[in-house]
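Peer 1: coords below, sequence missing:
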């Protein structure tokens, strides 16, 4: 089983950009900027909250806002993979293995 | 078909955190900060590049670095969805519909 | 001569926060998040621009927006120095010396 | 009295860039990216800390690191003002007046 499958979104986002003639704006440089801006919009929701308040955000008025920011991050992430021809599932598998070597599971 | 399926990664990341007793750090506030930091590490790769250079990044020495940053962003994104119980596929579907209303396809 | 003098702003921002009882929110963690959000709002102005377009931004409709984002970044930066008791001028002097050692001036 | 005076740093940073022929990289777009990356490096210091821990950061091993990140942010901020010919003191004065109208001082 794959860890993550983004094929459907990759196709939908590519079609969306093509229909609006936006591919010319979608350099890795610009898409990375856009992703970081959306990440900051998510951070903004939590900047004056306590951690406890942040754990209850989906029971607050900000729930829809959170879902929209997560979606925006996801869309730019998948577009970045498309324009750079990155296999995201393979990248994630490799990074998890790297993390497991860097932070070994504590023995009981 | 789903636009995006993250079930495998969600399970793997949850187990990874549980085995290391990291759940206490994984408030939405902290995970959002961590995601934004990884997004900035991706931006850093491109900050002095031209857009044309950024389009060729996967043929450069930075290719592995790019894959690792994309993986880190993805892992934090999926962990955020887990701790906030967000259905990412539904969130992305709703956002794409919203975008389509906001930026209608130009008529030919 | 000092490289940078922020005494007036430090006093004004401290009074502003005190009068509104905001000091409780102004942990270094929260102020750092807020600064990064304002930095992202500046990035957003440029994310789909070419570098040439960005060089002409102050002749565009975004000029006021740019000034406001720069001011917001500056205010949070000075508040961070206040709450952490950092001497910003000394920090900048030390960093410029460090940069000069790291990137020596090319000999002619 | 000025709220903030950056004349010394503006001159020093301009000379530093000129001597290394870096002006060609210093578009507002690129400098804004660089500033946001340094802001994220500051955020990274605090991402797994509690707010209380963050208030004690200058008594920790991270004190020098904090000072360096604050300096980097300041240098890019002042370079941005130079390349865009923004009067930072005037921008900050205007923003503080705007904030005072938006968040009036509570009457006692």
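Peer 2: All right, it came through fine. Treat the numbers as computed from the prediction; the structure is a model and nothing was measured.

Peer 1: CA only for contacts and neighbour counts going forward, please
Peer 2: Fine.

Peer 1: mind listing what's buried in stretch A:31-49?
Peer 2: A:31-48 (16 or more other CA atoms under 10 Å in any protein chain shown).

Peer 1: so which of these are also by chain D?
Peer 2: Under the cut-off given by CA under 8 Å from any CA of the partner chain, chain D has residue A:33 from those close to it.

Peer 1: Let's see which of the buried residues of stretch A:31-49 end up in helices.
Peer 2: In this view, the buried residues of stretch A:31-49 that belong to helices under DSSP state H are A:31-46.

Peer 1: Nearest to residue C:75 among these?
Peer 2: Comparing these against residue C:75 with CA to CA places residue A:44 closest, at 16.5 Å.

Peer 1: residue contacts, the residue in chain A positioned nearest to chain D?
Peer 2: Going by CA to the nearest CA, chain D is nearest to residue A:33 of chain A, at 7.4 Å. Residues near residue A:33 by CA atoms under 8 Å, 6 or more residues apart in numbering or on different chains: B:43, C:43-44, C:47, D:33.

Peer 1: Residue ranges in chain A under the pLDDT threshold?
Peer 2: A:108 (pLDDT under 70).

Peer 1: by how many degrees do the lengthiest helix in chain A and helix B:63-84 diverge?
Peer 2: Longest helix in chain A, counting residues (DSSP H): helix A:63-84. Interaxial angle, helix A:63-84 versus helix B:63-84 (axes from the mean of the first three to the mean of the last three CA atoms, to 10 degrees): 160 degrees.

Peer 1: Helix A:63-84 near chain B at all?
Peer 2: Yes - on the criterion CA under 8 Å from any CA, helix A:63-84 is in touch with chain B at A:67-68, A:70-72, A:74-75, A:77, A:83-84.

Peer 1: ditto for stretch A:7-22
Peer 2: Yes - applying CA under 8 Å from any CA, one finds that stretch A:7-22 is in contact with chain B at A:7-10, A:12, A:19-20.

Peer 1: and chain A, which of its residues are near chain C?
Peer 2: So chain A meets chain C at A:25, A:30-31, A:33-34, A:36-37, A:40-41, A:43-44, A:47-48 (CA under 8 Å from any CA).

Peer 1: run the last query once more with 6 Å
Peer 2: A:30, A:33, A:37, A:40, A:47 (CA under 6 Å from any CA of the partner chain).

Peer 1: Out of those, which comes closest to residue B:56?
Peer 2: Taking CA to CA as the measure, residue B:56 lies nearest residue A:30 of those, at 13.5 Å.

Peer 1: That closest one: how many residues sit nearby?
Peer 2: 23 (other CA atoms under 10 Å in any protein chain shown).

Peer 1: Could you find the closest non-adjacent residue to it?
Peer 2: Spatial nearest neighbour of residue A:30, chain neighbours left out: residue C:47 (5.5 Å); criterion: CA to CA, 6 or more residues apart in numbering or on different chains.

Peer 1: Return the backbone torsion pair for the one you found.
Peer 2: phi -70, psi -30 (degrees, to the nearest 10).

Peer 1: Likewise for the one 5 residues further on?
Peer 2: Backbone geometry at residue C:52, expressed as degrees, to the nearest 10, gives phi -60, psi -40.

Peer 1: Nearest spatial neighbour of it, chain-adjacent residues omitted?
Peer 2: That would be residue D:27: by CA to CA, 6+ apart, it lies 7.6 Å from residue C:52.

Peer 1: how near is that neighbour to chain A?
Peer 2: 14 Å (CA to the nearest CA, to the nearest Å).

Peer 1: Tell me, how many residues neighbour that residue?
Peer 2: Residues near residue D:27, counting by other CA under 10 Å, number 22.

Peer 1: And residue A:7, by the same measure?
Peer 2: With other CA under 10 Å as criterion, residue A:7 counts 15.

Peer 1: Report the separation between it and chain C.
Peer 2: Distance of residue A:7 to chain C, given as CA to the nearest CA: 25 Å.

Peer 1: and if you look at residue A:66?
Peer 2: As defined by CA to the nearest CA, residue A:66 lies at a distance of 15 Å from chain C.

Peer 1: For residue C:8, see how far away that residue is.
Peer 2: 38 Å (CA to CA, to the nearest Å).

Peer 1: next one: residue A:97
Peer 2: Distance, residue A:97 to residue C:8, using CA to CA: 51 Å.

Peer 1: Then residue A:57?
Peer 2: 38 Å.

Peer 1: Those two: who's more crowded?
Peer 2: Between residue A:57 and residue C:8, counted using other CA under 10 Å, the more crowded position is residue A:57 (20 against 13).

Peer 1: And for that one, nearest residue in space, chain neighbours not counted?
Peer 2: residue A:63 (6.2 Å).

Peer 1: Next, find the distance separating the one you found from residue B:80.
Peer 2: 13 Å.

Peer 1: Looking only at neighbour counts, state which of those two leads.
Peer 2: Legend: neighbour count by other CA under 10 Å for residue A:63 and residue B:80, higher for residue B:80 (23 against 14).

Peer 1: and that one, what is it in contact with?
Peer 2: With contact set as CA atoms under 6 Å, 6 or more residues apart in numbering or on different chains, residue B:80 has no partners.

Peer 1: What distance do you get for the residue nearest to residue A:57 to chain C?
Peer 2: Taking CA to the nearest CA, one finds residue A:63 at 19 Å from chain C.
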